Structure formats: structure tokens, C-alpha cells
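A.B. asks: kindly return the folded structure for what I paste below:
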Amino acid sequence: MSVYVGNLSYDVTEEALNAVFAEYGSVKRVQLPTDRETGRVRGFGFVEMGTDAEETAAIEALDGAEWMGRDLKVNKAKPREDRGSFGGNRNNYGGGGGGRNRY
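C.D. replies: Residues are numbered from 1 along each chain as shown. Okay, the predicted model is just below:
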């Protein structure tokens, strides 16, 4: 049961997000991804709720709601995709022909 929360303020904390979602049920975990270089929150996060009913209640109540000066985007989180690298096979850089030289 994971919920995506987008358009978050860069000042948001895990504790504050937890408190908002706790109004709709038990919060198991809150994740706020940060930028690798700056360490700043990236403007979105994930909240894991205890049950599907709690998740649905939170989504219905909070999607489009204003919080910390921003209109939240809240929906069911999609499973992570294996993106690979540059859209292709990681091990296929240039594809060589097995050591055959044609010179």
C-alpha cells in the first residue's frame, strides 16, 4: 500500500508528511527522495499506509488539496520500472564484433 505524493514543498519533512497522512489511518513509512548533489528534497515522496481503505481515503481527501502553499498531487504509486541506462541494454555499449579486425 504505497501512495505517491507530488508537488511537495522543498521545506517538507518526513514528520510533517506523516502527520498529514496519519489523519487517514496508520502510516507505516514515509520516504522523501533527496537530490544526490544538493541533499535537498526533490519535491515528491511516498507514503506507505496500513490498509487499502486507508490509502484510498488519503488519496481522495488529499489529491488537489493545498498544503504548505502547494496543491498536492496524490495517487497510488506505480511499481518502479527497471530503467537501465540510456534506454538500452547496459552491457551493449557499441556492440563490438568479438575481436575481428577488418583492416
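
A.B. asks: use CA for all of it now, contacts and neighbours both
C.D. replies: OK.

A.B. asks: would you state the helices of the protein in chain order?
C.D. replies: For the chain, the helices defined by DSSP state H occupy 14-22, 52-62.

A.B. asks: go through the ones you listed and pick out the most buried.
C.D. replies: With neighbours defined as mean count of other CA atoms under 10 Å, the helices of the chain peak in mean count at helix 52-62, which reaches a mean of 17.

A.B. asks: may I have that helix as CSV, with CA atoms only?
C.D. replies: Taking Å, rounded to 0.1, in the frame of the first residue of the first chain, the C-alpha atoms of helix 52-62 are listed here in CSV:
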residue,chain,number,x,y,z
ASP,A,52,-6.0,-0.3,1.1
ALA,A,53,-9.0,1.5,2.7
GLU,A,54,-6.7,4.0,4.5
GLU,A,55,-4.8,4.5,1.3
THR,A,56,-8.0,5.3,-0.7
ALA,A,57,-9.3,7.7,2.0
ALA,A,58,-6.0,9.6,2.0
ILE,A,59,-5.9,9.8,-1.8
GLU,A,60,-9.5,11.0,-2.1
ALA,A,61,-9.0,13.6,0.7
LEU,A,62,-5.6,14.9,-0.3
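
A.B. asks: chain center to it: distance?
C.D. replies: 17 Å (CA atoms, centre = their mean, to the nearest Å).
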